[in-house]
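> Show me the folded form of this:
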Amino acid sequence: MSAVETYNQEVGDWGRDTLRQTRNAVLRLCVSHGAGYVQQHVATKLYAGEASKIVFDFPLHMVFVHKGAGRGYGGSKSGKFTNAGGSKTDTAKGSFGKMGTGKRVPKPWFNPVLEAQFPALAELVQNYHAEKIVLNLQRVLID
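Numbering: from 1, shown residues only. So this is what the prediction gives:
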């Protein structure tokens, strides 16, 4: 197996392991396997044959769970959002700035997992690209 294939495999493994951990974080928040658990996916995108992007996909409502937002508990950055019907709607004035308060407590399930996993990904990328740089430097030398 070539160095690129090994790198792509290791990046894919990192993504799948991180996905497993985000799903476990969702399970710790609720009792049943809902859409927030089942509809999580990860994909590795390639550029010039090398893994260049890792994409995590999950239902939009899981962002609200993470932030503690919902009906009557809006944020303070914007007054517009896209409702379930797909049309633009204004946030109710009474809900501005209430995100993360009252019954809508933030339940961080995504960021803590990724933050814990970043060092492993950084080491993986560093090792691969350091090896590539050394190989490219050796090609510069006159034999």
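> so is residue 55 in a helix, a strand, or just coil?
strand (DSSP: H, G, I helix; E, B strand; the rest coil).
> I'd guessed it sits against residue 46; true?
No - with contact defined as Cβ atoms under 8 Å, residue 55 does not reach residue 46; the gap is 11.7 Å. Yep, even glycine has a C-beta here, placed from its N, CA and C like the rest.
> Dump the C-alpha coordinates for stretch 10-23 into CSV.
Only the C-alpha atoms of stretch 10-23 are listed here, as CSV (Å, rounded to 0.1, in the frame of the first residue of the first chain):
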residue,chain,number,x,y,z
GLU,A,10,-5.9,6.6,8.4
VAL,A,11,-7.9,9.8,7.8
GLY,A,12,-11.0,7.8,7.1
ASP,A,13,-10.5,5.7,10.2
TRP,A,14,-10.1,8.9,12.2
GLY,A,15,-13.4,10.2,10.8
ARG,A,16,-15.3,6.9,11.5
ASP,A,17,-13.9,6.8,15.1
THR,A,18,-14.9,10.5,15.7
LEU,A,19,-18.4,9.7,14.3
ARG,A,20,-18.8,6.8,16.7
GLN,A,21,-17.9,9.1,19.5
THR,A,22,-20.3,11.8,18.5
ARG,A,23,-23.1,9.2,18.3
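> What residues of it count as buried?
The neighbour-count check on stretch 10-23 (16 or more other Cβ atoms under 10 Å) flags 10, 11, 14, 15, 18, 19, 22, 23 as buried.
> how about the strands in the chain?
41-47, 50-57, 80-82, 88-90 (DSSP state E).
> could I get the buried residues of stretch 10-23 as a markdown table with pLDDT and distance to residue 40?
Below are the buried residues of stretch 10-23 laid out as a markdown table (pLDDT from 0 to 100; distance: Cβ to Cβ, whole Å):
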| residue | pLDDT | distance to residue 40 |
| --- | --- | --- |
| 10 | 96 | 21 |
| 11 | 96 | 18 |
| 14 | 97 | 15 |
| 15 | 97 | 11 |
| 18 | 97 | 10 |
| 19 | 97 | 6 |
| 22 | 95 | 6 |
| 23 | 94 | 6 |
